[in-house]
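Trainee: The sequence and its predicted three-dimensional model are supplied below.
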Amino acid sequence: MSEEILKYTINGSVAEVILSRPKQYNSFNSKLRQDLPELLDSLEESPDVRVVLITGSGPGFTAGADLNENFPPPISEHLQTEYKPIFDRIVSSRLLYVAAVHGSAAGIGAALAMACDLMIMSETSKISLIFSNIGLVPDGGATWFLQHAMGYRKALQLIVEGGHIKSEECLKYGLANKVVPDNDLKNESMSWAKELSERAPLATAASKRLLRKSFNSSYEQAFMAEALEQDKVSISEDFVSAREAFFKKTKPIFKGK
């Protein structure tokens with residue numbers, strides 16, 4: 001795995017994954033597309049990791065696809081074989097993924113940020129949907145995320161005009177969870193990731209599964225899905241110890257068992 005384009009550190013239960021092609025605005029070349037799924041697989045298998053914080057080096061989060069590379073048609077095959085594995089790992093993971101966005105998250109990089117479970121942004125950052133500026137449509141599931149957050153008309157206007165969503169607008173639409181001063185992003189994102197990693201990992205993973213499926217579920221289906229997840233977490237060691245801590249008025253320590 002190339003240390004030049006992808007770096008990571010593990011701090012307790014938090015893994016920080018850093019896209020590291022700063023001169024190319026962390027755009028995805030073939031090597032990065034190959035290395036990132038392999039790294040995410042290794043983090044998934046690490047029993048100590050609970051939260052993955054995805055960040056970018058240099059002036060921005062990521063510019064998306066590296067346009068210096070050629071994309072032989074059909075591009076759908078390229079997206080399915082080289083990008084979808086990255087998104088699938090994030091969406092289906094037991095881990096909580098947090099995007100820490102500074103500068104710009106553009107193109108399929110915007111979709112990557114939106115695919116994460118949570119997002120924290122710096123004040124001057126933005127999500128850039130600039131596909132139409134070069135005669136393309138959004139990819140990476142961006143249309144799905146945008147329409148669910150903004151509604152059809154606002155999402156279509158943004159896409160057709162090749163516009164940007166500033167951090168405060170992202171917060172307003174629910175695309176971002178937090179906006180912090182630029183100089184505080186690194187510390188605030190890591191601090192938040194550590195706080196999240198101390199929450200109940202079994203319940204967190206179950207809640208993620210439930211919400212990811214909820215858009216395609218009826219109320220009755222959601223009710224039963226919750227009940228079945230509750231079957232599993234209610235017999236966990238975490239629940240037993242947390243219930244004892246509740247009555248003792250002490251802070252629970254979750255072990256993921």
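Mentor: Here it is on my side, so go on. Numbers count the residues shown, from 1 in each chain.
Trainee: When you work out contacts or count neighbours from here on, use the C-alpha atoms and nothing else.
Mentor: Will do.
Trainee: Spatially, which residue comes closest to Ser214, not counting chain neighbours?
Mentor: Leaving aside its chain neighbours, Ser214 sits nearest to Ala222 (6.3 Å; criterion: C-alpha to C-alpha, 6 or more residues apart in numbering).
Trainee: does the one you found really touch Asn216, like I thought?
Mentor: No. Between Ala222 and Asn216 there is no contact under C-alpha atoms under 8 Å: 9.3 Å.
Trainee: one step back: rounded mean pLDDT for the helix or strand containing the residue nearest to Ser214, please.
Mentor: In this structure, Ala222 sits in helix 219-233 according to DSSP states H and E. Averaged across helix 219-233, pLDDT comes to 89.
Trainee: Which other helices and strands does that helix contact?
Mentor: If you count contacts as 3 or more C-alpha pairs under 8 Å, 6 or more residues apart in numbering; DSSP states H and E, helix 219-233 packs onto helix 201-214.
Trainee: Next, the buried residues of the helix it packs on.
Mentor: Buried residues in helix 201-214, defined by neighbour count with 16 or more other C-alpha atoms under 10 Å: 201-210.
Trainee: That helix: how far from the chain's middle?
Mentor: Distance of helix 201-214 from the chain centroid (C-alpha atoms, centre = their mean, to the nearest Å) equals 14 Å.
Trainee: Quick one: work out the angle between that helix and helix 219-233.
Mentor: Helix 201-214 runs at 160 degrees relative to helix 219-233, counting by axes from the mean of the first three to the mean of the last three C-alpha atoms, to 10 degrees.
Trainee: What helices and strands are in contact with helix 201-214?
Mentor: strand 96-101, helix 219-233.
Trainee: And the strands in the protein, which stretches?
Mentor: 6-11, 14-19, 51-56, 96-101, 104-106, 118-122, 126-128, 164-166, 178-180 (DSSP state E).
Trainee: ok, His164 touching Leu129?
Mentor: Yes. Under the criterion of C-alpha under 8 Å, His164 makes contact with Leu129 at 5.9 Å.
Trainee: where do the contact lists of these two overlap?
Mentor: Residues touching both His164 and Leu129 (C-alpha atoms under 8 Å, 6 or more residues apart in numbering): Leu158.
Trainee: Please say which of these two ends up with more neighbours.
Mentor: Just comparing His164 and Leu129: by other C-alpha atoms under 10 Å the higher neighbour count belongs to Leu129, 28 against 19.
Trainee: what ranges do the helices span in the protein?
Mentor: Remark: helices assigned in the chain by DSSP state H are 30-44, 75-78, 84-92, 108-115, 142-150, 152-161, 167-173, 185-197, 201-214, 219-233, 237-248.
Trainee: would CSV of the ones you listed with distance to Gly56 be doable?
Mentor: Listed next are those as CSV, based on distance: least, C-alpha to C-alpha, whole Å:
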stretch, distance to Gly56
helix 30-44, 13
helix 75-78, 23
helix 84-92, 16
helix 108-115, 10
helix 142-150, 19
helix 152-161, 24
helix 167-173, 16
helix 185-197, 11
helix 201-214, 24
helix 219-233, 34
helix 237-248, 34
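Trainee: Return the most buried member of the ones you listed.
Mentor: Highest mean neighbour count among the helices of the chain (mean count of other C-alpha atoms under 10 Å): helix 108-115, with a mean of 25.
Trainee: How far off centre is stretch 63-72?
Mentor: Distance, stretch centre to chain centre, for stretch 63-72: 21 Å (C-alpha atoms, centre = their mean).
Trainee: Check stretch 219-236 too.
Mentor: Counting by C-alpha atoms, centre = their mean, stretch 219-236 comes out at 24 Å from the chain centroid.
Trainee: Where do the domain boundaries of this structure fall?
Mentor: Segmentation of the chain into domains, based on automatic domain parsing, reads 6-197, 201-248.
Trainee: These: lowest mean pLDDT?
Mentor: Among these, domain 201-248 scores lowest, at a mean of 89.
Trainee: burial count for Glu198?
Mentor: Glu198: 16 neighbours (other C-alpha under 10 Å).
Trainee: again, but for Lys7
Mentor: Neighbourhood size, Lys7 [other C-alpha under 10 Å]: 18.
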